[in-house]
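**Student:** just a sequence and a predicted model for now, questions to come.
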Amino acid sequence: MRAEKGNLYLIPCTLGDTPPLEVLPLLVKKTVENTNHFIVEHEKNARRFIKIIDSKKNQAGLVIQEINKFTNEDEIPQMLLPCLEGYNVGVISDAGCPGIADPGANVVAEAHRQGIKVIPLVGPSSILLAMMASGFNGQNFAFNGYLPIDKGERKSAIKRLEKLSKELNQSQSFIETPYRNNQLLDSLLSALNGQTMLCIACDITLSSEFIRTATVNEWKKIKVDLHKRPAIFILQN
C-alpha cells in the first residue's frame with residue numbers, strides 16, 4: 001500500500017464522435033495514460049474512449065467499475081478503495097463532464113467524505129456551451145434536468161419555468177431523451193407565450209451542430225428535426 005491517498009480525477013469526454021484532441025486539452029490525455037482505475041457510467045463506452053485517447057494502453061490491465069441509475073449507494077464507498085491504497089482513480093461519464101447531470105456526482109460526494117482530493121479536468125459541457133451560445137442571462141440560470149413525460153404535467157412544468165424565468169430574470173434550461181425531443185418542442189411551442197425566447201442547441205461540438213435562439217412565434221415557422229440528436233433547451237421570459 002502506498003503512503004498517500006490517490007486523487008479522484010473527473011475526466012471529461014467528447015459529446016459525440018468529434019476527435020478527442022479537438023475539444024479536450026492535453027492534460028486529459030496525460031491523465032488517462034497514467035490512470036488504470038476508473039469509475040464509469042458504462043464500461044463499453046468508457047473503454048472505447050480510453051482506447052481512442054491511448055491506443056497503446058493495456059485494456060486488460062484496467063480496473064473499471066460502473067456507476068449508473070442501478071447502482072446501490074452502499075456500493076459507492078468501496079469504489080474508492082484504490083484511492084485509499086494510493087492509486088489515482090478517474091471518473092468518466094458517457095458524454096461531457098462527470099458529475100454534471102451525471103451519476104458520477106455521488107462518487108465525488110463520497111470522495112469528499114473520505115478526504116480524497118478531487119481534481120476536475122477541463123472539457124466540453126453541453127449545458128454551459130449552450131448557455132454561452134444562447135445570448136441569455138449568464139449571470140443567473142438554472143438547469144432543471146428532465147421535464148415530466150405526462151403531457152399535462154409537462155405543460156404545467158413549462159408554464160412554471162416560464163413564470164420563474166420572468167420573476168427571477170433567470171434562464172431555465174432542461175433536456176429530454178433524444179428520441180422525444182420533437183415531442184418536447186411541440187409542447188414548448190404550444191405552452192409558451194409567443195414572445196418568450198427559446199434557444200435550442202443540439203449536436204454541440206459535432207459537424208451537425210445546430211444552435212438557434214428565437215421567439216416562440218418565430219420557432220413556429222422554423223423547421224428542424226431534433227429526433228435522436230442530443231439537445232439542450234433554454235427559455236427566457
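**Tutor:** Perfect, thanks for sending it. Numbering: from 1, shown residues only.
**Student:** from now on I want contacts and neighbour counts done on CA atoms only, so please keep to that.
**Tutor:** Fine.
**Student:** so where's this protein uncertain?
**Tutor:** For the chain, residues meeting the criterion pLDDT under 70 lie at 1-3.
**Student:** in it, which spans are strands?
**Tutor:** Along the chain, counting by DSSP state E, strands occupy 8-11, 37-40, 63-66, 89-92, 118-120, 141-146, 171-175, 197-202, 210-215, 231-236.
**Student:** pull out the buried residues from the fifth one.
**Tutor:** Along strand 118-120, the positions that meet the burial threshold by neighbour count (16 or more other CA atoms under 10 Å) are residue 118.
**Student:** nearest to residue 27, of the strands of the chain?
**Tutor:** Nearest to residue 27 among those is strand 8-11 (9.6 Å), distances taken as CA to CA.
**Student:** the closest one packs against which elements?
**Tutor:** In terms of contacts (3 or more CA pairs under 8 Å, 6 or more residues apart in numbering; DSSP states H and E), strand 8-11 is packed against helix 26-33, strand 89-92, strand 118-120.
**Student:** what about residue 227, how many residues nearby?
**Tutor:** 14 (other CA atoms under 10 Å).
**Student:** same thing with residue 74?
**Tutor:** Other residues near residue 74 come to 8 when the count uses other CA under 10 Å.
**Student:** same question, the one 10 residues further on
**Tutor:** Neighbour count for residue 84, taken as other CA under 10 Å: 19.
**Student:** surely it touches residue 8?
**Tutor:** No: with contact defined as CA atoms under 8 Å, residue 84 does not reach residue 8; the gap is 10.5 Å.
**Student:** shared neighbours of the two, which are they?
**Tutor:** Residues touching both residue 84 and residue 8 (CA atoms under 8 Å, 6 or more residues apart in numbering) are residue 116.
**Student:** not counting sequence-adjacent ones, nearest residue to residue 51?
**Tutor:** residue 57 (7.0 Å; CA to CA, 6 or more residues apart in numbering).
**Student:** just grab the bridge partners of residue 200 for me.
**Tutor:** Note on residue 200: beta-bridge partners by DSSP bridges are residue 212, residue 233.
**Student:** ok, it to residue 43 distance?
**Tutor:** Using CA to CA, to the nearest Å, one gets 30 Å for the distance from residue 200 to residue 43.
**Student:** between these two, which one's more packed in?
**Tutor:** residue 200 (21 against 17).
**Student:** that one: what's it in contact with?
**Tutor:** 130, 210, 211, 212, 213, 231, 232, 233, 234.
**Student:** could these go into TSV alongside distance to residue 91 and neighbour count?
**Tutor:** Listed next are the contacts of residue 200 as TSV, based on distance: CA to CA, whole Å; neighbours: other CA atoms under 10 Å:
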residue	distance to residue 91	neighbour count
130	23	23
210	29	16
211	29	15
212	32	14
213	33	19
231	23	25
232	23	26
233	26	24
234	28	25
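**Student:** tally of neighbours for residue 80?
**Tutor:** Residue 80: 26 neighbours (other CA under 10 Å).
**Student:** same check, this time on residue 59
**Tutor:** 15.
**Student:** want to throw the helices and strands packed on strand 8-11 into a markdown table with distance to residue 217?
**Tutor:** Output for the helices and strands packed on strand 8-11, formatted as a markdown table (distance: least, CA to CA, whole Å):
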| stretch | distance to residue 217 |
| --- | --- |
| helix 26-33 | 43 |
| strand 89-92 | 40 |
| strand 118-120 | 40 |
